[in-house]
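Undergrad: Just to be clear, the model below is a prediction. Sequence and coordinates:
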Amino acid sequence: MYAELHARSAFSFLEGASLPEDLVQQAADLGLPAVALVDTDNVSGAPRFYMAAKKVGIRPHMGAEITAAAGGRYVLLVENRIGYQNLCRLITSMKLRCPKGKAAATEDEFRQYAKGLVCVTDGTPPTQTLIDIYGSGNVYAELQRHLIRAEEDRNQRVEAIAERWKLPLIATHGVRYAHRRNAR
């Protein structure tokens, strides 16, 4: 069974093109049981996403793709109420500390607000650091396949990381829009 765990909406400014409601409706039309909204550095679309998902009977998963001060991004999914609170605190902390448009979380902030969160890695952040922060049972390795040769190389690296660190693999699509017409 497939559930998209890496969708971005128009609230991921310049990275997503569809409203949360459109993403949810398309997921429902495709028969998906669940979908996760992980907008970049914010949860602004979460209330609209949650209400739309509940309305059509899809399980909503909240999260965000957080920019790291050390480089790369951490895809964080909320596991429970404490996780949602910590995700909001993490975002608030980094945005209050940084100039507008330059927000990035430090490793200390990721550690401070880790409880209740699950991390999905594409192999970019150091795996040992992620396991230290989130625990070995809360880190997943993400594969995406869009038939791009460079992506296949990345997927092989991710598979090797998953095997080395004994991380479960998940497949996502990295959805940025609900319909092909929104791609541009």
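TA: Alright, I've got the coordinates. Numbering: from 1, shown residues only.
Undergrad: Which residue ranges of the protein form strands?
TA: 4-7, 34-40, 59-67, 73-78, 117-121, 139-144, 169-172 (DSSP state E).
Undergrad: Strand partners (parallel or antiparallel) of the first one?
TA: For strand 4-7, sheet partners with direction are given as strand 34-40 (parallel), following DSSP bridges.
Undergrad: how many neighbours does G137 have?
TA: Using other C-beta atoms under 10 Å, G137 has 10 other residues around it. C-betas here are computed from N, CA, C, even on glycine.
Undergrad: And it, how far from K100?
TA: Using C-beta to C-beta, to the nearest Å, G137 is found at 36 Å from K100.
Undergrad: Same question for F110.
TA: To K100, F110 is 21 Å away according to C-beta to C-beta.
Undergrad: which of the two has more neighbours?
TA: For F110 versus K100, neighbours defined as other C-beta under 10 Å are more numerous around F110 (25 against 6).
Undergrad: Now for that one: which residues touch it?
TA: 66, 68, 74, 90, 133 (C-beta atoms under 8 Å, 6 or more residues apart in numbering).
Undergrad: burial count for the third one?
TA: The number of residues packed around Y74, counting by other C-beta under 10 Å, is 25.
Undergrad: quick one: it and E65 touch, right?
TA: Yes - contact criterion C-beta atoms under 8 Å: Y74 and E65 qualify, at 7.3 Å.
Undergrad: Report pLDDT for R180.
TA: Looking at R180, its pLDDT reads 82.
Undergrad: Kindly report the same for D153.
TA: The model's pLDDT for D153 equals 88.
Undergrad: Same question for A70.
TA: What the model reports as pLDDT for A70 is 92.
Undergrad: Skipping its backbone neighbours, what lies nearest A3 in space?
TA: A34 (3.9 Å; C-beta to C-beta, 6 or more residues apart in numbering).
Undergrad: Tell me who's in contact with that neighbour.
TA: A34 is in contact with 3-4, 27, 58-61, counting by C-beta under 8 Å, 6+ apart.
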